[in-house]
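A.B. asks: Need coordinates for the following:
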Amino acid sequence: MSVPPTPRRKPKAQVTTIGDRPLKPSTLMMGHGYDPTLSEGSLKPPIFLTSTFAFPSAAEGKRFFEGITGKRPGGAEGLVYSRFNGPNQEILEDRLAVWDGAEDALVFSSGMSAIATLLLAFCNQGDVIVHSGPLYAATEGFIAKTLSRFGIGYVDFPAGAAQGEIEAALQKGRQLAEDQGSRVAMVYLESPANPTNALVDVEAVNAARNAVLGADVPIAIDNTFLGPLWQQPLRQGADVVVYSLTKYAGGHSDLVAGGLSGAKRWMDPVRMLRNTMGTILDPNTSWMLLRSLETVELRMTRSGENAAKVCAFLRQHPKVEGLGYLGMIDDPAQADIFRRHCSGAGSTFSVFIKGGEAECFRFLDALKIAKLAVSLGGTETLASHPASMTHLSVPDERKAQLGITDNLVRISVGIEDADDLIADFEQALAAV
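C.D. replies: Here you go, the predicted structure:
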């Protein structure tokens, strides 16, 4: 009787080129990181529903644990326990890294578990985080309310800040840290910002970081709104890219997951803490994301084309006061950042309806195709009211400072027919 192959997933050779031609991410999503011969010839990776893995020998078991625990550099060389690693998670991490051109990637049980594990891995008591604003409300709350309980401070600057203003914020953060006998642990960005779509100049942040703090302080950026297709922030000087994989990467509104990508020097401390905390993504959701990544370029391209058509209609509507859409930027500084950083305008934007909360609610309640729900980046069109929903916990003064007004509706356009969506928005605006 033949012995079935060990459920390892590392191919002997990763095919990433044809001759001198590098393969595109959309091609690599079909098989990168997986060898069918290691799983009984299955074309697609099986779902490895196991809590633990059998070691080939006691000596190899010892060696695997040396890598997992950090006693030996280089990380895990084999599968150990599903809190640490697993075939589905590792294949997914390989493919996520492809999109960002990253050395390494990690996946998590949610976007917030990725963010929380990242921040906890780099911050010690008394440290300071310098971040852009606005951030996703839960991220901002975790920094301001949870980490502050452990003596971790923060300084923020507006998303559209120029290099001089960014340097001033970094100097303020450094001074605050020095007063506490500590350091700035991280520069944390979100671009485009949720829900205003304000862009951060990552190149300016990188230059300011190098000038004020030095390159050993990592720059992390939440790339959920444009990633992984329309923006690759590692090219502009970011060190860690953060995702809610729930959104465009998952893209079907049927899973919750998070991810990080970057150089191993930044991923290794986070991996060690993830091993301890158990915030790794489960095998089934990892498998679902592998399925989704095969079509992410197609879905994002279609939704981006739809958003352009919808915004062209909304921009000229008499009941619309303005748009926060990256394809129609009026501010020269923001337009310059978009030109240097982005390859597409995305499909999530804010629309400012004339009036306030009551008018927005009438619009939202009248929608027939678009669904009234939070989240974004799915195949279906979603609409929500951030001031009273996703950002309800943000103090009113802070919301006003960040431009999260009562007349702002956030829309994430899906892959439906664009003309049908325009008809839906037109009849919903008639109810205002």
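
A.B. asks: So which bits of the longest helix seen in the chain are buried?
C.D. replies: Among all segments of the chain classified by DSSP state H, the helix with the greatest residue count is helix 296-315. By neighbour count on 16 or more other Cβ atoms under 10 Å, the buried set for helix 296-315 is 296-297, 299-300, 302-304, 306-308, 310-311, 313-314. Just so you know, the C-beta spots here come from the backbone N, C-alpha and C atoms, and that holds for glycine as well.

A.B. asks: Can you tell me which of the residues you listed is closest to residue 116?
C.D. replies: residue 296 (24.9 Å; Cβ to Cβ).

A.B. asks: residues near residue 316, how many?
C.D. replies: By other Cβ atoms under 10 Å, the residues close to residue 316 number 7.

A.B. asks: I meant to write residue 52 there.
C.D. replies: With other Cβ under 10 Å as criterion, residue 52 counts 10.

A.B. asks: Quickly list what it is bridged to.
C.D. replies: Counting by DSSP bridges, residue 52 forms beta bridges with residue 81.

A.B. asks: what does residue 132 give?
C.D. replies: With beta bridges defined as DSSP bridges, residue 132 has these partners: residue 157.

A.B. asks: which residues sit in contact with it?
C.D. replies: 156, 157, 158, 159, 161, 188, 189, 190, 191, 193, 200, 205 (Cβ atoms under 8 Å, 6 or more residues apart in numbering).

A.B. asks: Just the buried residues of those residues.
C.D. replies: Taking 16+ other Cβ under 10 Å as the criterion, what is buried in these is 156, 157, 158, 159, 161, 188, 189, 190, 191, 193, 200, 205.

A.B. asks: export those to JSON lines and tack on pLDDT?
C.D. replies: Shown next, in JSON lines, are the buried ones among the contacts of residue 132 (pLDDT from 0 to 100):
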{"residue": "156", "pLDDT": "96"}
{"residue": "157", "pLDDT": "97"}
{"residue": "158", "pLDDT": "95"}
{"residue": "159", "pLDDT": "95"}
{"residue": "161", "pLDDT": "96"}
{"residue": "188", "pLDDT": "98"}
{"residue": "189", "pLDDT": "98"}
{"residue": "190", "pLDDT": "98"}
{"residue": "191", "pLDDT": "98"}
{"residue": "193", "pLDDT": "93"}
{"residue": "200", "pLDDT": "98"}
{"residue": "205", "pLDDT": "98"}
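
A.B. asks: and which of the residues you listed is nearest to residue 126?
C.D. replies: residue 188 (17.2 Å).

A.B. asks: Regarding that closest one, which helix or strand does it belong to?
C.D. replies: Assessed by DSSP states H and E, residue 188 sits inside strand 184-190.

A.B. asks: who's in contact with that strand?
C.D. replies: 119, 122-124, 127-132, 134-136, 139, 143, 152, 159, 170, 173-174, 177, 200, 202, 205, 209, 213, 217-222, 238.

A.B. asks: what do you get for stretch 20-34?
C.D. replies: 9-11, 14-17, 45, 90-91, 93-95, 98-99, 228, 293-294, 296-297.

A.B. asks: Repeat the analysis, applying 10 Å as the threshold.
C.D. replies: With contact meaning Cβ atoms under 10 Å, 6 or more residues apart in numbering, stretch 20-34 is reached by 9-11, 14-18, 42-45, 87-88, 90-101, 228-229, 232, 290-298.

A.B. asks: Take those and keep only those in strands.
C.D. replies: Secondary structure defined by DSSP state E assigns 17, 18 of those to strands.

A.B. asks: Let's see which of the contacts of stretch 20-34 end up in helices.
C.D. replies: Counting by DSSP H, the part of the contacts of stretch 20-34 found in helices is 87-88, 90-100, 290-293, 296-298.

A.B. asks: Tell me the buried residues within these.
C.D. replies: 87-88, 90-100, 290, 292-293, 296-297.

A.B. asks: how close does residue 271 sit to residue 364?
C.D. replies: As judged by Cβ to Cβ, to the nearest Å, residue 271 and residue 364 stand 41 Å apart.

A.B. asks: More neighbours: these two, which one.
C.D. replies: Neighbour tally, residue 271 and residue 364, criterion other Cβ under 10 Å: the higher count belongs to residue 271, 22 against 19.

A.B. asks: you'd agree that one is in a helix?
C.D. replies: Yes - judged by DSSP: H, G, I helix; E, B strand; the rest coil, residue 271 forms part of a helix.

A.B. asks: For it, report the pLDDT, please.
C.D. replies: For residue 271, the pLDDT comes out at 96.

A.B. asks: Name the SS class of the residue nearest to it when sequence neighbours are not counted, please.
C.D. replies: Counting by Cβ to Cβ, 6 or more residues apart in numbering, residue 271 lies nearest to residue 106, which is 5.9 Å off, once chain neighbours are set aside. Look at residue 106: counting by three-state DSSP, its state is strand.

A.B. asks: Counting neighbours, what do you get for residue 106?
C.D. replies: The local packing of residue 106 (other Cβ under 10 Å) involves 26 other residues.

A.B. asks: how's the protein carved up into domains?
C.D. replies: 87-293, 296-429 (automatic domain parsing).

A.B. asks: Go through those domains and pick out the most buried.
C.D. replies: Burial of these is given as mean neighbour count (mean count of other Cβ atoms under 10 Å); domain 87-293 ranks first at a mean of 21.

A.B. asks: Give me the distance from it to the chain's centre.
C.D. replies: From the chain centre to the centre of domain 87-293 is a distance of 8 Å (Cα atoms, centre = their mean, to the nearest Å).

A.B. asks: so residue 358 is in which element?
C.D. replies: helix 357-366.

A.B. asks: Could you grab the helix/strand/coil label for the most centrally placed residue in the chain?
C.D. replies: Centroid-nearest residue in the chain, with Cα atoms, centre = their mean: residue 243, separated by 1.7 Å. State at residue 243, reduced to three classes by three-state DSSP: strand.

A.B. asks: What ranges does the protein have for its strands?
C.D. replies: 17-18, 21-22, 104-108, 128-133, 153-158, 184-190, 219-222, 240-244, 258-262, 320-324, 348-353, 371-372, 382-384, 408-412.
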